[in-house]
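Asks: what follows is a predicted structure for the sequence shown.
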Amino acid sequence: MQNNSLVSVVMPVYNAAPYLQKAVESILSQTYQNIELIIIDDGSTDDSMALIRNFKDKRIQRIEFNENKGIVEALNTGMQAAKGEFIARMDADDISLTNRIAQQVNYLQKNKNVGILGTQYQAINGKSRKLPLTHQEICWHLLNASPFVHPSVMFRSSFIKNLPVIYNKDFEFAEDLELWVRASAQTELANLPAQLIQYRFHKGTHQRNLQRVAELNTIIKKIHISNLYPNMVETDIEKLAVYLNRHKYPTYSLEWFIRCFDFFQKILTKYTDELVSKTLNQAVWFHFASAYTLYPQLKKIIKNHSWIQLNTKQKIWLQIKKFK
């Protein structure tokens with residue numbers, strides 16, 4: 001087994017000057033030292049490139065765009081330039097813990113069937129949530145939300161660079177979710193249980209393009225449902241994708257929830273796997289969290305659906321929100 005494989009770290013940068021120094025230092029100071037850090041400046045107009053040029057480490061490779069081309073172009077350029085056996089993602093406003101790369105390389109060298117590996121995370125300015133660990137859990141989680149913190153991911157180069165397309169420009173604003181779904185049908189996905197990255201939440205292009213994100217998420221979910229259930233009829237796939245997509249509903253009504261619950265009940269009578277119930281319960285929670293003012297009325301309706309199982313923490317949260 002090769003114990004010191006080259007790892008390429010791909011970091012796109014666009015106007016990230018306030019955070020860039022710590023992000024770069026967190027990669028250069030990894031306990032695993034055999035890395036190349038590929039920094040793609042996507043036409044920054046702040047001091048980002050000046051900061052990057054100040055680093056004299058020979059492991060840094062700079063790629064500079066004269067204009068802003070977008071995250072997909074920057075990522076694909078960096079991925080294609082990568083020479084490593086493994087390719088790690090990193091964002092310019094996050095911080096990798098010092099043993100992140102070492103732990104991911106160790107896992108991938110021992111688990112040849114895994115093509116994409118993420119980690120748990122510490123939220124810098126938000127709330128952390130636990131991410132699924134196994135391939136099966138990740139596949140079901142994909143129906144509700146991304147199973148990875150994108151900048152924590154490490155790819156097996158032999159898998160990712162052989163895809164006809166890595167990040168798909170047609171799915172910009174949801175390019176990572178589309179890649180996870182496409183990859184899940186071709187390789188195994190996994191997350192480490194350790195928190196190995198400090199992740200910063202911010203309002204980026206995703207938040208500014210929520211309608212487009214909603215449309216893309218519905219398309220992606222339809223593809224993933226078809227992969228999971230190739231015999232499901234098209235009308236059910238269409239409806240399930242829409243009901244799972246929490247981005248699509250800025251406003252809710254009691255009637256909408258009734259239709260949603262009735263349809264989920266129909267799905268559960270056809271597909272009895274425990275993970276189906278878990279997935280639909282998570283979808284219900286996502287919708288409740290966005291429509292908590294309706295919860296008092298919905299409590300009566302929930303009694304007709306024994307499969308809906310909110311945990312104690314969720315119920316308390318909804319009760320607190322009701323009085324705010």
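Replies: Structure received. Numbering: from 1, shown residues only.
Asks: what sits against K169?
Replies: If you count contacts by C-beta atoms under 8 Å, 6 or more residues apart in numbering, K169 has them with G70, V72, E73, E175. (Each C-beta comes from the backbone N, C-alpha and C, glycine too.)
Asks: go through this protein and flag its longest strand.
Replies: Ordering each strand of the chain by length in residues (DSSP state E) puts strand 188-199 first.
Asks: return the set of buried residues in it.
Replies: Of the residues in strand 188-199, E188, L189, A190, N191, L192, Q195, L196, I197, Q198, Y199 count as buried by neighbour count, 16 or more other C-beta atoms under 10 Å.
Asks: pull up the pairing partners for it, direction included.
Replies: With DSSP bridges as the test, strand 188-199 is paired with strand 95-96 (antiparallel), strand 114-123 (parallel).
Asks: could you dump these to a markdown table with mean neighbour count?
Replies: What follows is the strands paired with strand 188-199, written out as a markdown table (neighbours: other C-beta atoms under 10 Å):
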| stretch | mean neighbour count |
| --- | --- |
| strand 95-96 | 22 |
| strand 114-123 | 21 |
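Asks: quick check: which of those is nearest to E137?
Replies: strand 114-123 (12.2 Å; C-beta to C-beta).
Asks: buried stuff in the very next helix or strand once past the closest one?
Replies: From strand 114-123 onward toward the C-terminus, using DSSP states H and E, the following helix or strand is helix 135-141. Within helix 135-141, the residues scored as buried using 16+ other C-beta under 10 Å are H135, E137, I138, C139, W140, H141.
Asks: name the next helix or strand downstream of helix 135-141, please.
Replies: Using DSSP H and E, the helix or strand that follows helix 135-141 in sequence is strand 154-156.
Asks: my guess is V24 contacts F55. True?
Replies: Yes: assessed by C-beta atoms under 8 Å, V24 is found in contact with F55 at 6.1 Å.
Asks: which one of the two has more residues nearby?
Replies: Higher neighbour count among V24 and F55: V24, with 24 against 17, using other C-beta atoms under 10 Å.
Asks: host element of the more buried one?
Replies: helix 17-28.
Asks: what angle do the following helix or strand past that helix and helix 17-28 make?
Replies: Following helix 17-28 in sequence order, the next helix or strand is strand 35-42 (DSSP H and E). For strand 35-42 against helix 17-28, the angle by axes from the mean of the first three to the mean of the last three C-alpha atoms, to 10 degrees is 160 degrees.
Asks: show me what strand 35-42 pairs with in its sheet, parallel or antiparallel.
Replies: strand 7-13 (parallel), strand 60-65 (parallel).
Asks: just curious, which of the buried residues of strand 188-199 is nearest to L20?
Replies: Nearest to L20 among the buried residues of strand 188-199, with distances taken as C-beta to C-beta, is Q198, at 14.4 Å.
Asks: run through the residues that contact that closest one.
Replies: Q198 makes contacts with D94, I95, S96, L97, Y121, Q122, A123, I124, as judged by C-beta under 8 Å, 6+ apart.
Asks: partner residues bridging it?
Replies: The bridge-partner assignment for Q198, based on DSSP bridges, gives I95, Q122.
Asks: counting by contacts, list what the helix or strand that contains A50 packs against.
Replies: Element membership for A50 (DSSP H and E) is helix 48-54. Helix 48-54 is packed against strand 7-13, helix 17-28, strand 35-42, strand 60-65, with contacts defined by 3 or more C-beta pairs under 8 Å, 6 or more residues apart in numbering; DSSP states H and E.
Asks: which other residues reach that helix?
Replies: Contacts for helix 48-54 (C-beta under 8 Å, 6+ apart): 13-17, 20-21, 24, 39, 41, 60, 62, 64, 92.
Asks: of the strands paired with strand 188-199, which is nearest A289?
Replies: Closest of those to A289 is strand 114-123, at 16.8 Å (criterion: C-beta to C-beta).
Asks: so L294 makes contact with E255?
Replies: No: the pair L294 / E255 is not scored as a contact, 10.6 Å apart, by C-beta under 8 Å.
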